[in-house]
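Novice: Need a 3D model of the sequence below.
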Amino acid sequence: MDFEQRHPLDAAMRERVLQELERIERERNVKVLYACESGSRAWGFASTDSDYDVRFVYVEKPEWFIQVDTPRDVIERPLDDELDVSGWELRKTLGLLRKSNPTLLEWLDSPLVYRSESVATLRLRELAEAFYSPPAARSHYLSMARKNFRGYLQGDSVRLKKYFYVLRPLLAVRWIDQGGGRPPMTFDDLLGTVDDPALLAEVAELLVLKRNADEATYGPRLPVLHRFIETELARAVPKLPRTQEDNSVLDAYLRQMVGHYA
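Specialist: This next block holds a predicted model:
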């Protein structure tokens, strides 16, 4: 399967997204540094009716930082059932980066990028690598997997798309435990942590079904996947390295970006 099949992105929708980002810049007087696709299209298992989840990082003008009331640091534009656009202000972004927020790290690894200020994005990715914390990332992904498993995969008939919302974070945990560094965003890359032929075959069948069905499709519980999930959820937590970095480099980057785009 080629890239376009794994990560479908309609040309007309790309143009619509770019126009929306430009409109946000004009109306909010901000600069979008980076914008990407963040949902199932980027992960690699979009359904026929999957929506578009656009996420971006933006920088405010200097005067935004000098006011008594704490200003809102998120821009949200849920436009319709097909397109959702939202972004984080840069200071908020760096605060989350300092905590090794996996959602932000995935944005920076997305295979579908709409906008990217090259110098700003390169440095942001370097900082994300420097501040990456394996224990924090592992805890996030394991918690996500447990929550989705308890919430969606307990019946004899289950919503099949939910398997991926358990499998993907569990494979990210395996990636971390195997010493692979920051987990990649794409599902196909994460599958590299698995070598069980029966499991891979069941996942491959599920991928075909997911990519050719709608989001609400139900089906019977998948026994091989269920056993794998239960085993992974019960695995012991390994000892992982912790990262300690100097926050001053984040302050310097923030000042540089605000000054550059003032």
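Novice: residues near residue 211, how many?
Specialist: Number of residues near residue 211 (other Cβ atoms under 10 Å) recorded here: 18. Every residue, glycine included, has its C-beta placed from N, CA and C.
Novice: C-alpha coordinates for the helix or strand hosting it, PDB please?
Specialist: Counting by DSSP states H and E, the element that carries residue 211 is helix 197-212. In PDB, the C-alpha atoms belonging to helix 197-212 read as follows (Å, rounded to 0.1, in the frame of the first residue of the first chain):
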ATOM      1  CA  PRO A 197       2.500 -13.900  12.500                       C
ATOM      2  CA  ALA A 198      -1.000 -14.600  13.800                       C
ATOM      3  CA  LEU A 199      -1.300 -11.200  15.400                       C
ATOM      4  CA  LEU A 200       0.000  -9.400  12.300                       C
ATOM      5  CA  ALA A 201      -2.400 -11.300  10.100                       C
ATOM      6  CA  GLU A 202      -5.400 -10.300  12.300                       C
ATOM      7  CA  VAL A 203      -4.200  -6.700  12.300                       C
ATOM      8  CA  ALA A 204      -3.800  -6.700   8.500                       C
ATOM      9  CA  GLU A 205      -7.400  -7.900   8.100                       C
ATOM     10  CA  LEU A 206      -8.600  -5.300  10.500                       C
ATOM     11  CA  LEU A 207      -6.800  -2.500   8.700                       C
ATOM     12  CA  VAL A 208      -8.400  -3.500   5.400                       C
ATOM     13  CA  LEU A 209     -11.800  -3.400   7.000                       C
ATOM     14  CA  LYS A 210     -11.200  -0.100   8.800                       C
ATOM     15  CA  ARG A 211     -10.000   1.600   5.600                       C
ATOM     16  CA  ASN A 212     -13.000   0.400   3.600                       C
END
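Novice: Give me the mean pLDDT for it.
Specialist: Helix 197-212 carries an average pLDDT of 89.
Novice: list the buried ones in that helix?
Specialist: Buried residues in helix 197-212, counted by 16 or more other Cβ atoms under 10 Å: 199, 202-203, 206-207, 209-211.
Novice: Including distance to residue 9, could those go into CSV?
Specialist: Converted to CSV, the buried residues of helix 197-212 look like this (distance: Cβ to Cβ, whole Å):
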residue, distance to residue 9
199, 29
202, 28
203, 23
206, 22
207, 18
209, 21
210, 17
211, 14
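Novice: Out of those residues, which comes closest to residue 40?
Specialist: Sorting the buried residues of helix 197-212 by distance to residue 40 puts residue 210 at the head of the list, at 8.4 Å, by Cβ to Cβ.
Novice: residues contacting that closest one?
Specialist: 45, 47, 160-161, 164, 217 (Cβ atoms under 8 Å, 6 or more residues apart in numbering).
Novice: 6 Å instead?
Specialist: Going by Cβ atoms under 6 Å, 6 or more residues apart in numbering, residue 210 touches 45, 47, 161.
Novice: Distance check, the last one against residue 229.
Specialist: Using Cβ to Cβ, to the nearest Å, one obtains 15 Å as the distance from residue 161 to residue 229.
Novice: Find the residue at the geometric middle of the protein.
Specialist: Compute the mean C-alpha point of the chain, and by Cα atoms, centre = their mean the closest residue is residue 106, 3.7 Å away.
Novice: which SSE is it in?
Specialist: helix 102-108.
Novice: Going C-terminal from that helix, what's the next secondary structure element?
Specialist: strand 113-116.
Novice: just the CA coordinates of that next one, formatted as PDB?
Specialist: Output in PDB follows, covering the C-alpha atoms of strand 113-116 (Å, rounded to 0.1, in the frame of the first residue of the first chain):
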ATOM      1  CA  VAL A 113       2.000  18.700   7.100                       C
ATOM      2  CA  TYR A 114       0.000  21.700   5.800                       C
ATOM      3  CA  ARG A 115       2.300  24.500   6.900                       C
ATOM      4  CA  SER A 116       5.800  24.700   8.300                       C
END
